[in-house]
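S.K.: Here is the input, now give the coordinates:
(one chain, ligands or ions: 1)
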Amino acid sequence: MPSEAASTTDPERPFRVAIVGAGPAGFYAADRLLRDEHPIEVEMFDRLPTPFGLVRAGVAPDHPKIKAVTRVFEKTAKREGFRFHGHVEIGSDLTHDELTSCHDAVIYTYGAAHDRRLGIPGEDLPGSVPATRFVAWYNGHPDASGHDFDLSGKRAVVIGNGNVAVDVARMLVLPREEMAETDIADHALEVLSASSIEEVVILGRRGPAQAAYTTPELRELGELTDADVIVDPAEVVLDGASRQWLESEHADRTARDNVEIVEEYSQRAPSGKPKRVVLRFLASPVEILGDERVEGIRVVHNELIADDGGQIRAHHTDREATIECDLVLRSVGYRGEGIEGLPFDERTGTILNEGGRVLHEPGGEPFRGVYTAGWIKRGPSGVIGTNKKCANDTVDLLLEDLDAGILPKAGGDSAALDSLLAERAPHRIDYAGWERIDEHERELGEAQGRPRVKLVTHDHLREKATG
Ligand code: NAP
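M.R.: Residues are numbered from 1 along each chain as shown. Below is the predicted model:
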């Protein structure tokens with residue numbers, strides 16, 4: 001049980017931090033801690049046998065430069081005082097209380113793995129799928145290896161105007177040769193190569209000035225080998241509220257650039273490529289249609305109105321339309337879930353916190369020694385680099401609390417953790433186990449001119465990790 005305050009002056013006993021979640025926020029936090037002048041040990045946990053979170057399982061396979069950030073994380077993993085415990089789930093294999101029994105502080109960085117729902121009729125018809133599942137499947141996430149996607153139809157509709165929507169749309173029209181040089185899961189390479197999808201509609205409920213995607217990702221849609229990008233000029237005529245906002249000091253560069261690019265797309269004549277990506281705006285899905293499976297989507301046309309706080313919101317008009325389609329990918333954001341014993345804000349899907357210090361209740365006292373960073377702290381927003389500042393801010397608070405001598409000191413050390421893990425998580429995979437997976441995947445990839453060929457089932461990952 002935690003007892004006296006943790007001291008940084010005890011040379012026999014480094015300060016011990018558990019990090020739950022081996023994605024970017026977890027690794028940035030670990031790096032910051034391990035570079036600190038205090039002697040610190042970091043024990044990092046992940047429910048998967050593999051580290052790197054959404055860098056491995058979220059970033060699109062055709063974006064290898066973004067994935068190169070793992071080289072930074074690999075260096076962190078080699079720092080003295082770092083240990084990885086893959087395939088250990090906090091909340092089931094170990095409880096929060098058990099973690100605090102052998103760590104002086106815990107940082108939760110396990111992200112937001114679930115999909116947000118639309119709450120419209122027909123959402124669960126076969127053929128209507130969360131984009132998060134599609135992403136996990138083409139990236140070889142072991143929980144998604146058994147999924148099956150029917151791509152025998154001609155048109156897919158992607159709901160949402162964020163970077164995930166753009167990623168999944170692009171993956172649906174990428175030529176086989178381009179996919180085959182990536183680390184896409186083999187099962188997805190086969191299914192996507194045989195796809196009959198000719199048109200992907202990306203459906204935004206607001207206009208191009210409010211789109212959540214970033215400019216490089218939008219630009220890529222105009223440079224696809226096999227697909228023309230199509231925009232109806234009538235849908236990009238800016239409404240008064242958006243124009244006023246764009247001209248104001250509040251508008252950011254991304255919004256201005258995005259509007260410009262979408263306007264340019266709307267002036268393009270199709271060049272006759274075999275596939276199309278159609279950007280639609282100002283239309284909200286109200287029902288997914290079909291008897292046995294998806295046959296279409298009923299949308300209502302929106303107009304944009306600035307509310308009292310200046311936020312530009314979509315308001316339904318009485319104009320409706322039906323878009324016939326065979327597949328719907330719902331890409332309206334990720335959602336985090338709580339862990340037993342931790343205060344959780346259901347409204348935002350985040351652990352209740354102030355700047356990264358976990359709170360017992362809204363506006364209440366800090367939960368001493370418990371912190372959070374990344375998407376489970378602030379919600380699913382920003383790019384990978386955003387997590388560096390987010391994690392550093394949290395670690396700064398932790399170190400401030402340590403220096404103030406207000407953190408409870410855990411009774412147990414790494415040996416206590418090891419005996420707990422031996423009993424509760426004998427299936428644990430250490431960093432050497434991950435390195436065996438990594439080496440094997442890279443070797444398979446080298447033979448095929450690819451960065452790696454991913455092992456995509458829990459069994460194969462476990463077998464390779466344990467040699
Ligand atoms: P996101 O950026 O939050 O976008 C969600 C989109 O869904 C928004 O356009 C939102 O529109 C729309 N939406 C929400 N509720 C809706 C509804 N009921 N009906 C219709 N549309 C609805 O989420 P994301 O695309 O999942 O991305 C998550 C994070 O990962 C983002 O920060 C993103 O930048 C990042 N990411 C980055 C990359 C990259 O850097 N290449 C790739 C993938 C993801 P409103 O704005 O109107 O609410």
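S.K.: Identify the residues contacting the residue of the stretch 1-150 of the chain found nearest the ligand.
M.R.: Across the stretch 1-150 of the chain, no residue is closer to the ligand than Leu118, which sits at 5.1 Å (Cβ to the nearest ligand atom). Where C-beta positions appear, they are placed from N, C-alpha and C, glycine not excepted. Neighbouring residues of Leu118 by Cβ atoms under 8 Å, 6 or more residues apart in numbering: 159, 285, 330, 332.
S.K.: for the chain, longest strand please?
M.R.: Ranked by residue count and defined by DSSP state E, the top strand of the chain is strand 312-324.
S.K.: Once you drop chain neighbours, what's closest to Asp326?
M.R.: Leaving aside its chain neighbours, Asp326 sits nearest to Gly153 (2.2 Å; criterion: Cβ to Cβ, 6 or more residues apart in numbering).
S.K.: same question, Arg378
M.R.: Cys390 (6.2 Å).
S.K.: so how many other residues sit close to Gly336?
M.R.: 25 (other Cβ atoms under 10 Å).
S.K.: Asp239 contacts Pro208, doesn't it?
M.R.: No - using Cβ atoms under 8 Å, Asp239 is not in contact with Pro208; the gap is 11.0 Å.
S.K.: Mind putting the contacts of Leu118 into JSON lines with pLDDT and secondary structure?
M.R.: Shown next, in JSON lines, are the contacts of Leu118 (pLDDT from 0 to 100; DSSP: H, G, I helix; E, B strand; the rest coil):
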{"residue": "Ile159", "pLDDT": "98", "secondary structure": "strand"}
{"residue": "Pro285", "pLDDT": "98", "secondary structure": "strand"}
{"residue": "Arg330", "pLDDT": "98", "secondary structure": "strand"}
{"residue": "Val332", "pLDDT": "98", "secondary structure": "coil"}
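S.K.: Which single residue of the stretch 51-200 of the chain ends up nearest the ligand?
M.R.: Residue nearest to the ligand within the stretch 51-200 of the chain: Gly162 (2.2 Å; Cβ to the nearest ligand atom).
S.K.: that older thread, what does the longest strand of the chain rub up against?
M.R.: Residues contacting strand 312-324 (Cβ under 8 Å, 6+ apart): 155, 157, 201, 203, 205-206, 209-210, 241-242, 245, 282-284, 286, 289, 295-307.
S.K.: Please apply the same query to stretch 142-153.
M.R.: 48-49, 126-127, 129, 133-134, 136-137, 172, 185, 187, 191-192, 194-197, 293, 325-327, 456-458, 461.
S.K.: In strands, which of the residues you listed appear?
M.R.: Checking these against DSSP E, those in strands are 129, 327.
S.K.: Okay, buried residues for the longest strand of the chain please.
M.R.: Buried residues in strand 312-324, counted by 16 or more other Cβ atoms under 10 Å: 312, 314, 323.
S.K.: about what we covered before: Asp239 and Pro208: who's more crowded?
M.R.: Using other Cβ under 10 Å, the more surrounded residue of Asp239 and Pro208 is Pro208, with 26 against 17.
S.K.: For the more buried one, which non-adjacent residue is spatially closest?
M.R.: Per Cβ to Cβ, 6+ apart, closest to Pro208 is Val262, 4.0 Å.
S.K.: Touching, the one you found and Leu279? I think so.
M.R.: Yes - between Val262 and Leu279 a contact is recorded at 6.5 Å, counting by Cβ under 8 Å.
S.K.: Quickly list what's touching both of these two.
M.R.: Jointly contacting Val262 and Leu279 under the rule Cβ under 8 Å, 6+ apart are 208, 231.
S.K.: So these two - more neighbours on which side?
M.R.: Higher neighbour count among Val262 and Leu279: Leu279, with 28 against 23, using other Cβ under 10 Å.
S.K.: can I get the CA coordinates of the longest strand of the chain in PDB?
M.R.: Only the C-alpha atoms of strand 312-324 are listed here, as PDB (Å, rounded to 0.1, in the frame of the first residue of the first chain):
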ATOM      1  CA  ILE A 312     -20.700  28.000 -37.100                       C
ATOM      2  CA  ARG A 313     -23.200  25.300 -36.800                       C
ATOM      3  CA  ALA A 314     -25.100  23.100 -39.300                       C
ATOM      4  CA  HIS A 315     -28.900  23.500 -39.300                       C
ATOM      5  CA  HIS A 316     -31.100  21.000 -41.100                       C
ATOM      6  CA  THR A 317     -33.300  22.500 -43.900                       C
ATOM      7  CA  ASP A 318     -36.300  20.600 -45.300                       C
ATOM      8  CA  ARG A 319     -34.300  19.600 -48.400                       C
ATOM      9  CA  GLU A 320     -33.500  15.900 -48.500                       C
ATOM     10  CA  ALA A 321     -31.800  13.500 -50.900                       C
ATOM     11  CA  THR A 322     -30.800   9.900 -51.100                       C
ATOM     12  CA  ILE A 323     -27.300   8.700 -52.100                       C
ATOM     13  CA  GLU A 324     -27.300   5.100 -53.300                       C
END
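S.K.: picking up where we left off before, just curious, which of the buried residues of strand 312-324 is nearest to the ligand?
M.R.: Distances from the ligand to the buried residues of strand 312-324, taken by Cβ to the nearest ligand atom, are shortest for Ala314, at 6.2 Å.
S.K.: beta partners for that closest one?
M.R.: On the basis of DSSP bridges, Ala314 is bridged to Leu304.
S.K.: Look up how far Val157 lies from it.
M.R.: From Ala314 across to Val157, the span is 17 Å (Cβ to Cβ, to the nearest Å).
S.K.: From the contact counts, what lies against the helix or strand harbouring Glu441?
M.R.: Glu441 belongs to helix 431-447 when assigned by DSSP states H and E. Packed against helix 431-447 by the contact rule (3 or more Cβ pairs under 8 Å, 6 or more residues apart in numbering; DSSP states H and E) you find strand 82-86, helix 458-465.
S.K.: How far off centre is the first one?
M.R.: This means strand 82-86. 21 Å (Cα atoms, centre = their mean, to the nearest Å).
S.K.: any idea how far whichever helix or strand comes after that strand is from the chain center?
M.R.: Next helix or strand after strand 82-86 toward the C-terminus (DSSP H and E): helix 96-101. In terms of Cα atoms, centre = their mean, the centre of helix 96-101 is found 27 Å from the chain centre.
S.K.: May I have the helix or strand following helix 96-101 exported as PDB, CA atoms only?
M.R.: Once helix 96-101 ends, the next helix or strand along the chain (criterion: DSSP H and E) is strand 105-108. The C-alpha coordinates for strand 105-108 follow below in PDB (Å, rounded to 0.1, in the frame of the first residue of the first chain):
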ATOM      1  CA  ALA A 105       2.800   7.400  -9.900                       C
ATOM      2  CA  VAL A 106       0.700   6.200 -12.800                       C
ATOM      3  CA  ILE A 107       0.200   8.000 -16.100                       C
ATOM      4  CA  TYR A 108      -2.700   6.800 -18.200                       C
END
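S.K.: pLDDT (mean, whole number) over strand 105-108?
M.R.: Strand 105-108 carries an average pLDDT of 98.
S.K.: helices or strands next to it in the packing?
M.R.: Using 3+ Cβ pairs under 8 Å, 6+ apart, strand 105-108 sits against strand 15-20, helix 96-101, strand 366-372, helix 386-403.
S.K.: Out of the ones you listed, which is the most enclosed?
M.R.: Compared across those, strand 15-20 shows the largest average neighbour count, a mean of 26 (mean count of other Cβ atoms under 10 Å).
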